[in-house]
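*Asks:* Everything below, folded, please.
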Amino acid sequence: MEHLHVLPEGYKPSLDLYHTQLAIKQAKDDFEEALAAQLNLQRVSAPLFVDKSTGLNDDLNGVERPVEFDLLEQPGIAVQVVQSLAKWKRYALGRYGYPVGRGLYTDMNAIRRDETTDNFHSLYVDQWDWEKVIAREDRNPEYLKDTVRRIHRALYSTSLRLRASFYEVDVQLPEEVTFITTAELEDRWPDLSPEQRELKFVREHGAAFFMGIGWPLKNGLPHDGRAPDYDDWNLNGDLLYYSPLLDQAIELSSMGIRVDSESLDRQLTLAGCNARRSLPFHRMLLDGELPLTIGGGIGQSRMCMLLLGKAHIGEVQSSIWDAATRSRCHEAGVTLL
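*Replies:* Sure, this is the predicted structure:
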């Protein structure tokens, strides 16, 4: 799908480069502390790459190619840069012995070689990956909603502190997040695309969580693609915020209650991915050897872009952009790092 770089007319960033860097540092520090407190998380170290044969890497929407390379010291082993840490986090929670109600978070950095870049999408990914052990009775929509509200509270408090420190920043988030299922969204606007439905809804509410991503809707298509082996498609969703500057929806987080053995079995069959059943991680899941969890990723640069009122993700992270994008951004007053 072709993405467009939306460059608002007369754009002038509220902070210069120096103060932008100071604000990014404060925003990340404040949010990380608030997130850990809200969800009872502990920071850990995580891998940048994994052995392909373990099945620990993620397929995201099922079509992205991971960056893969070999090792001089271990010939014959294929190593992949992580695309997310959804599976590794769950494995780590079990290995480290985390109890119910406790979790971990980490910095996740990745390279998305097949990404179509725009204001919100970069070849470089930086996010907080988090995962938490839950009880069987927590696998329900209300627990998912409560977790989303806690993440929103962490973001809201971060925004307030940022505005107190940098008076030039005037981004105001809604106090509450609104929930809707993707099926309900389709019923409201059946003739619109999923992206158009999301924008109409988030434009009305400011912040929204779209629940239930992966299963086919009435039109026979899923709201969006999801790999079958991490989220339970009945208990997941995306958290989006409205950017008045761009008149666009910014997806800040994709998250959900993770598959148990039964939902993994169903989703592997539907997705035609039964060959994965033999991989070590998937065998552990199907045999019930890993803890039940909830988790997700939260985009660091997207969060900074949203809270600082920036027009382009390249204003808050260093990446590679094509010559046409660099030229258009320069002409529009958008300074790419």
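*Asks:* Number of residues surrounding D322?
*Replies:* 9 (other Cβ atoms under 10 Å). For glycine as for every other residue, the C-beta is placed from the backbone atoms N, C-alpha and C.
*Asks:* Show me what the longest helix seen in the chain is packed against.
*Replies:* In the chain, with assignment by DSSP state H, the single longest helix is helix 141-165. Packing contacts for helix 141-165, counted by 3 or more Cβ pairs under 8 Å, 6 or more residues apart in numbering; DSSP states H and E, involve helix 17-39, strand 207-211, strand 231-243, strand 248-258, strand 293-299, helix 300-308.
*Asks:* what lines up beside the fourth one in the sheet?
*Replies:* Next to strand 248-258 in the sheet, as set by DSSP bridges, lie strand 231-243 (antiparallel), strand 293-299 (antiparallel).
*Asks:* Same check on the shortest one?
*Replies:* Partner strands and pairing direction for strand 207-211 (DSSP bridges) are strand 178-181 (parallel), strand 231-243 (antiparallel).
*Asks:* what does the shortest one rub up against?
*Replies:* Which is strand 178-181. For strand 178-181, the surrounding residues in contact (Cβ atoms under 8 Å, 6 or more residues apart in numbering) are K145, V148, F201, H205, A207, A208, F209, F210, M211, G212.
*Asks:* from these, which is closest to R139?
*Replies:* Closest to R139 out of these is K145 (13.0 Å), distances taken as Cβ to Cβ.
*Asks:* Look at N61 and report its pLDDT.
*Replies:* Per-residue confidence (pLDDT) for N61: 57.
*Asks:* Repeat that for the one 3 residues further on.
*Replies:* At E64 the predicted local distance difference test score is 72.
*Asks:* Skip the chain neighbours and tell me the closest residue to it.
*Replies:* D114 (5.0 Å; Cβ to Cβ, 6 or more residues apart in numbering).
*Asks:* Let's verify that neighbour: helix, strand, or coil?
*Replies:* At D114 the chain is in coil, as set by DSSP: H, G, I helix; E, B strand; the rest coil.
*Asks:* follow-up on the earlier one: please work out which of the strands paired with strand 207-211 is packed deepest.
*Replies:* strand 231-243 (a mean of 23; mean count of other Cβ atoms under 10 Å).
*Asks:* That one versus helix 300-308: what angle between them?
*Replies:* Angle, strand 231-243 to helix 300-308, by axes from the mean of the first three to the mean of the last three Cα atoms, to 10 degrees: 30 degrees.
*Asks:* in this protein, which ranges drop under the pLDDT threshold?
*Replies:* 1-5, 59-63 (pLDDT under 70).
*Asks:* Tell me the spacing between the nearest residue in space to I294 that is not next to it in sequence and C273.
*Replies:* Counting by Cβ to Cβ, 6+ apart, I294 lies nearest to I257, which is 4.8 Å off, once chain neighbours are set aside. Going from I257 to C273 by Cβ to Cβ, to the nearest Å gives 20 Å.
*Asks:* Compare the two and say which is more crowded by neighbours.
*Replies:* Neighbours were counted for I257 and for C273 using other Cβ under 10 Å; I257 has more, 25 against 17.
*Asks:* surely that one meets A135?
*Replies:* No - I257 is beyond contact range of A135, at 11.3 Å (criterion: Cβ atoms under 8 Å).
*Asks:* joint contacts of those two?
*Replies:* Common contacts of I257 and A135 (Cβ under 8 Å, 6+ apart): L292.
*Asks:* Turn the strands paired with strand 248-258 into JSON lines, columns for distance to E68.
*Replies:* Output for the strands paired with strand 248-258, formatted as JSON lines (distance: least, Cβ to Cβ, whole Å):
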{"stretch": "strand 231-243", "distance to E68": "24"}
{"stretch": "strand 293-299", "distance to E68": "21"}
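*Asks:* and the residue lying closest to V316 once chain neighbours are set aside, what is it in contact with?
*Replies:* Residue nearest to V316 in three dimensions, not counting chain neighbours: C304, with 4.3 Å by Cβ to Cβ, 6+ apart. By Cβ under 8 Å, 6+ apart, C304 lies in contact with A23, I24, A27, K28, K310, V316, Q317.
*Asks:* I appreciate the help and will end here.
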